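> Let's see this in three dimensions:
(one chain, ligands or ions: 2)
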Amino acid sequence: MQKILVTGGAGFIGSNFVRHVYRERPDWLVEVYDSLTYAGNKANLKGLEDRVTLTVADICDESAIDAAVARNDAVVHFAAESHNDNSLFNPWPFVNTNLVGTYHVLEAVRHHQKRLHHISTDEVYGDLKLDDPSKFTPETPYNPSSPYSSTKAGSDLLVRAWVRSFNVKATISNCSNNYGPYQHVEKFIPRQITEILEGRKPKLYGSGANVRDWIHTEDHSSGVLTILEKGKIGETYLIGANGEMQNKEVVELILQIMGKDKNDYDQVNDRPGHDLRYAIDSSKIIDDLGWQPKYTDFRKGLSNTIDWYKDNQDWWKPLKASTEEKYKELNR
Ligand code: NAD
Ligand code: DAU
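Ligands and ions are numbered 1, 2, ... in the order given. Predicted coordinates for the structure are as follows:
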């Protein structure tokens, strides 16, 4: 593999993956394919220009995606509308990008017989009860809750159908909640850090008892690269790092690390249909492909992430006011 196409490579996880590949595979060339929505940012790829190019185009543009797939050896498909709250406000971009866009990616890899790795989420499985000891496995039935997660579930099913019906050489991974640098300030952890940096209080939805299974984005990247190189065609791999925490505990930890009183947060309106708990069983990628997460010290990872937002205010300040305006409309 010499040339890879990374859709959504100017977003949070996509750009961290591109940085990972740039470091770990110095003989590879990367073409980022990204329409630069509100969530995409050219600055995320700064310093990589000698081996990374950016094509600004939409995955729903049939001829543009076809041509980009044709000139690469493999495709890693991150491009998506990714935020649950936005999907409750206006589901259409989610249906368009996540379903129609993935269809165009699949048709292009089918025509040109290229390898595809499709990035998905643990949210396709719905949620677990707070007191349920079980975790999601590749056999858990799909049961998505929101417009976001249902369109991701639909995109996974399209990939499976294209593998079975047309012999497309694809793999899928479903990962849990990522954190780390370059995450948009609409998301939970960056929102709370930047609220505190701007002198306001963190905003916890409802009771804050909901559990998310946090993984550092570097571990997600190494998991994806492992599957791209060693994964078995047609298989689904779950990626997680045993990082379950209640939202309330995460907010308290952010406040503590930032030198504030751990109870100094606001409780705001809950998200409609708010999933209770996600938890990933990653034994398949560990046992079959030999992957292991490395960044499992959550306090350390969170502390480094807080430092990144402190040191990169020019990156997030331009996004902050419009993001909080949107939240005001949602009363959160
Ligand atoms: P993000 O919103 O930060 O980035 C998405 C990127 O896709 C942006 O650069 C955006 O410009 C681009 N994009 C959106 N629509 C496009 C279109 N029609 N054509 C071309 N580019 C388009 O998202 P993220 O959090 O980095 O998530 C990336 C992928 O990982 C998504 O597929 C998401 O479902 C999946 N995922 C995310 C998480 C998480 O915790 N954030 C966890 C598991 C899986
Ligand atoms: O599980 C993987 C998924 O994780 C990905 O597929 C999604 O793309 C990604 O956005 C994320 O979805 P969540 O809905 O879990 O992430 P979010 O950052 O929006 O919220 C995390 C939790 O924090 C969730 O329970 C809602 C809560 N929350 C969120 C915000 C923005 C708050 O309590 N306060 C907030 O201000």
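> got a list of what the residue of the stretch 201-332 of the chain found nearest ligand 2 touches?
Minimum separation of the stretch 201-332 of the chain from ligand 2 (C-beta to the nearest ligand atom) falls at residue 205, amounting to 3.5 Å. C-beta coordinates here come from the backbone N, C-alpha and C atoms, glycine included. Counting by C-beta atoms under 8 Å, 6 or more residues apart in numbering, residue 205 makes contact with 247, 268, 269, 270, 271, 274, 332.
> can you tell me which two in these are farthest apart?
Distance extremes for these: the farthest pair is 247 and 269 at 14.1 Å, using C-beta to C-beta.
> neighbour-wise, which of the two wins?
residue 247 (21 against 11; other C-beta atoms under 10 Å).
> Touching, that one and residue 210? I think so.
Yes. Under the criterion of C-beta atoms under 8 Å, residue 247 is in contact with residue 210, at a separation of 5.2 Å.
> backbone phi and psi for the residue of the stretch 201-332 of the chain closest to ligand 2, please?
Main-chain dihedrals, residue 205, degrees, to the nearest 10: phi -70, psi 130.
> That one bridge partners, please.
When bridges are called by DSSP bridges, residue 205 pairs up with residue 268.
> which residues does residue 147 contact?
Contacts here follow C-beta under 8 Å, 6+ apart; on that basis residue 147 touches 87, 88, 91, 94, 95.
> any idea how far residue 284 is from it?
Separation of residue 147 from residue 284 (C-beta to C-beta, to the nearest Å): 28 Å.
> How about the secondary structure of the residue located most distally from the centre of the chain?
The centre of the chain is farthest from one residue, residue 261, which by C-alpha atoms, centre = their mean lies 30.4 Å away. Using DSSP: H, G, I helix; E, B strand; the rest coil, the secondary structure recorded for residue 261 is coil.
> Then the one 3 residues further on?
Local secondary structure at residue 264 is given as coil here, using three-state DSSP.
> Surely it is in contact with residue 201?
Yes. Between residue 264 and residue 201 there is a contact under C-beta under 8 Å: 5.9 Å.
> These two: which has the busier surroundings?
For residue 264 versus residue 201, the count of surrounding residues by other C-beta under 10 Å is larger for residue 201: 16 against 13.
> what about the longest helix in the chain?
Longest helix of the chain, by residue count under DSSP state H: helix 147-166.
> So for that one, what gets flagged as buried?
By neighbour count on 16 or more other C-beta atoms under 10 Å, the buried set for helix 147-166 is 147-156, 158-159, 162-163.
> C-terminal to that helix, what's the next element?
As assigned by DSSP states H and E, the chain's next helix or strand after helix 147-166 is strand 170-175.
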